[in-house]
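**Student:** Task: produce atomic coordinates for the following.
(2 chains)
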2 protein chains.
Amino acid sequence: MGKAIDTPALVIDENIVIDNIKAFQAHCDKAGLKLRPHIKTHKTQRFMQRQLLAGAAGITCQKISEAEIMADGGADDILITYNIVGSTKLQKLHALAQRVARLSVVVDNAIALQGIAQTFSNSATPLNVMVECDTGAERCGVQTPSQAVELASQIDKLPGLHFSGLMTYPRPGGAQSAATFMKETVPLLESAGIRCPEVSTGGTPDMWSAATLSVFTEYRIGTYIYNDRSLLHTGVTSEKQCAARVHATIVSQPTHERLVIDAGSKVLTSDLMGMFDDYGHIVGHADASIKSLSEEHGVVHVSPDCKLSVGDVVEIIPNHVCVVSNMFDTAWLLTDNNEFVPQPIDARGQVT
Amino acid sequence: MGKAIDTPALVIDENIVIDNIKAFQAHCDKAGLKLRPHIKTHKTQRFMQRQLLAGAAGITCQKISEAEIMADGGADDILITYNIVGSTKLQKLHALAQRVARLSVVVDNAIALQGIAQTFSNSATPLNVMVECDTGAERCGVQTPSQAVELASQIDKLPGLHFSGLMTYPRPGGAQSAATFMKETVPLLESAGIRCPEVSTGGTPDMWSAATLSVFTEYRIGTYIYNDRSLLHTGVTSEKQCAARVHATIVSQPTHERLVIDAGSKVLTSDLMGMFDDYGHIVGHADASIKSLSEEHGVVHVSPDCKLSVGDVVEIIPNHVCVVSNMFDTAWLLTDNNEFVPQPIDARGQVT
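**Tutor:** This next block holds a predicted model:
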């Protein structure tokens, strides 16, 4: 560990970041998939630029406010995987389209489509619009291939819009189901005379089996850049490849079996990822468990022979790293000389 | 509802805020308790000032960084209910002590005490130090009255420090247990020749039964200013007294029984307060349930006859409002004219 930094702190090992970026870029290159990383995990221009330099085809954002900041950082091919609804957002989307080379959004319903159609009806450069398909994750998306074709036909007829393909976020383990949905939809589109340039899928849990499956052209992925405890738990990554760690100080030791750290839900968040009953993995202390959080306290249960005491700093691999990035204005990059360099998290807190 | 604001948004009804502040100030005045509101819920100078104007004796903060911002806003009597550990924090604490009339901290262990003792040993104005007692909440705090006396004796002997009393955060429903602990400790302190000026307790869940119980002098409370779903659920408040609501737009309606809103865990957080299996109360739609969250999506299960559709804006009372305030740089104050005025959340994200 390097020179002291105030805690709690989010510390990023950039060497691991670069390794993670390169490894999955190589996987996608070999698999014949375009890689379109989701910036939600790191929310920083610096790492977005690293992803593009390594060979990414463009980036994914979830909200316009994130996309604006990434455009400021040089992104010129941005897919916003979100239904854009509401006049303020539509105005911002229109302004953003004027300043990036290629902007794409998704829709899964006619009302959202109507909004973007009205906004872009007189646009010189058409907006790329994909149809979001629910292939089993039960979040957004049209429910059937025929609904996908119906929405694509509407897009295809609207001035100012360009139908640019199909998009899905499969449930973990659902790559085959997603492929089945898409393989049914693409021929239906062709029969209707509609070209489908891209079929985009994604997800970190299934990253190492990412493949075209004879239909996908593009893979979107976020967490892989840092990795986290959920991916450790499911065997997708190793502790060494976890680039982002929360440093926390032990501030209290009320009993031999209870410690309190200065990282609570304002840092680690309450996200259990549906798989944990505690709030992070303390590196090197497998027997310690962060059993409960209040905003600024983490209560850690330890065995009576645990050697940690007040003033010690621990490193925590978060359950879900994407939501943790969002809790800090600034992260610290760990240099080769074991020094800490502040790194603003440019798009933290961008929710609109 | 007033003019359109972009969603998701945190909207505060200031009239309700003022009512909530006045109602509990009146309760404390009648009960003979000093009121020391915790700013963690609102994190804004504006509401801190309202609390002081209404009669609060001072304020409570959890971290130095919060206290610095409240001092900037005019607070001159601040209690930081946290063990201050680490050289950066100790330096900041020393600097803060120079610019507020009265600064207090708590300790529950000898290592934390040693740090503040070294930092303040030559201080012209002594730092007020309380002993934190664990009276059943199982977070921080000494475990027994005799441990409290031992730590108080050490404080009492140290130059630059002033023992200013006992502090506890009781478990919900634990006011009597807390009083029993304190009633045992105070006479022990007196026997040791140590004066105990204050005995501070707190907590919103038991606010309406807050009483001196013949030992407490001060009450600390945060959530009461806004109220939230946890307090609705436990009967502490009513929907009308919930001052803070998240406005979210429906962006997708994949099936008749599923809607998706643009508020996810980056806004509502994953905090279930140990009492819910969903992520907030949608006002006026008791049959709708926010069943799952990803960062930017909330999946809402509704009955098939639900009238909501894409583009509609809903108001959500969060499970736990304190953590939601922390997710927004800016809230919106709802005026009497149904207009929205931006209100920076001054101390958002202050975790050190």
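**Student:** so how many other residues sit close to A:Ala192?
**Tutor:** 12 (other C-beta atoms under 10 Å in any protein chain shown). Where you see a C-beta, it was placed from the backbone N, CA and C, and this is true even at glycine.
**Student:** Around chain B, which positions in the stretch 1-150 of chain A sit nearby?
**Tutor:** A:4-8, A:40, A:62-63, A:82-83, A:85-89, A:108-109, A:111-112, A:134, A:138-143 (C-beta under 8 Å from any C-beta of the partner chain).
**Student:** Give me the nearest residue to A:Val215, chain neighbours excluded.
**Tutor:** A:Met182 (4.6 Å; C-beta to C-beta, 6 or more residues apart in numbering or on different chains).
**Student:** helix or strand for that neighbour, which one?
**Tutor:** Assessed by DSSP states H and E, A:Met182 sits inside helix A:175-191.
**Student:** Which strands or helices does that helix pack on?
**Tutor:** When contacts are defined as 3 or more C-beta pairs under 8 Å, 6 or more residues apart in numbering or on different chains; DSSP states H and E, helix A:175-191 packs onto strand A:127-133, helix A:145-157, strand A:161-168, strand A:198-202.
**Student:** just the angle between the first one and helix A:175-191, please?
**Tutor:** Taking axes from the mean of the first three to the mean of the last three C-alpha atoms, to 10 degrees, strand A:127-133 and helix A:175-191 form an angle of 130 degrees between their directions.
**Student:** ok, longest strand in chain A?
**Tutor:** Scanning chain A for the strand with the most residues, using DSSP state E, yields strand A:244-255.
**Student:** Would you format the helices and strands packed on helix A:175-191 as TSV with mean pLDDT included?
**Tutor:** Below are the helices and strands packed on helix A:175-191 laid out as TSV (pLDDT from 0 to 100):
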stretch	mean pLDDT
strand A:127-133	98
helix A:145-157	98
strand A:161-168	98
strand A:198-202	98
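**Student:** how about a markdown table for the ones you listed, with distance to B:Arg245 and mean neighbour count added?
**Tutor:** Shown next, in a markdown table, are the helices and strands packed on helix A:175-191 (distance: least, C-beta to C-beta, whole Å; neighbours: other C-beta atoms under 10 Å in any protein chain shown):
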| stretch | distance to B:Arg245 | mean neighbour count |
| --- | --- | --- |
| strand A:127-133 | 28 | 27 |
| helix A:145-157 | 33 | 19 |
| strand A:161-168 | 32 | 26 |
| strand A:198-202 | 33 | 25 |
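**Student:** got CSV for the ones you listed, with distance to A:Leu189 too?
**Tutor:** Below are those laid out as CSV (distance: least, C-beta to C-beta, whole Å):
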stretch, distance to A:Leu189
strand A:127-133, 9
helix A:145-157, 6
strand A:161-168, 8
strand A:198-202, 10
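**Student:** so which of those gets nearest A:Ile21?
**Tutor:** Nearest to A:Ile21, of all the helices and strands packed on helix A:175-191, is strand A:198-202, at 15.5 Å by C-beta to C-beta.
**Student:** What helix or strand is A:Arg36 located in?
**Tutor:** Counting by DSSP H and E, A:Arg36 is part of strand A:34-37.
**Student:** name the helices or strands packed onto that strand?
**Tutor:** In terms of contacts (3+ C-beta pairs under 8 Å, 6+ apart), strand A:34-37 is packed against helix A:14-31, helix A:45-53, strand A:59-61, strand A:198-202, strand A:218-221.
**Student:** strands paired with it, and their directions?
**Tutor:** strand A:218-221 (parallel) (DSSP bridges).
**Student:** And the next helix or strand after the partner strand, what's buried?
**Tutor:** Downstream of strand A:218-221, the first helix or strand assigned by DSSP H and E is helix A:229-233. Judged by neighbour count using 16 or more other C-beta atoms under 10 Å in any protein chain shown, the buried positions of helix A:229-233 are A:Arg229, A:Ser230, A:Leu231, A:Leu232.
**Student:** wait, the second one sits on A:Met273?
**Tutor:** Yes - in this structure, A:Ser230 sits in contact with A:Met273. The criterion is C-beta atoms under 8 Å, and the distance is 4.5 Å.
**Student:** Next, show the common contact partners of these two.
**Tutor:** A:Asn319, A:His320 (C-beta atoms under 8 Å, 6 or more residues apart in numbering or on different chains).
**Student:** Could you find the closest non-adjacent residue to the residue most central in space within chain A?
**Tutor:** Centroid check for chain A by C-alpha atoms, centre = their mean gives A:Gly222 as the closest residue, at 3.3 Å. Leaving aside its chain neighbours, A:Gly222 sits nearest to A:His38 (3.5 Å; criterion: C-beta to C-beta, 6+ apart).
**Student:** shouldn't the one you found be in contact with A:Cys61?
**Tutor:** Yes - the criterion here is C-beta under 8 Å, and A:His38 meets it with A:Cys61 at 7.4 Å.
**Student:** shared neighbours of the two, anything?
**Tutor:** A:Thr81.
**Student:** Now do the same for A:Pro197: its pLDDT.
**Tutor:** pLDDT recorded at A:Pro197 is 97.
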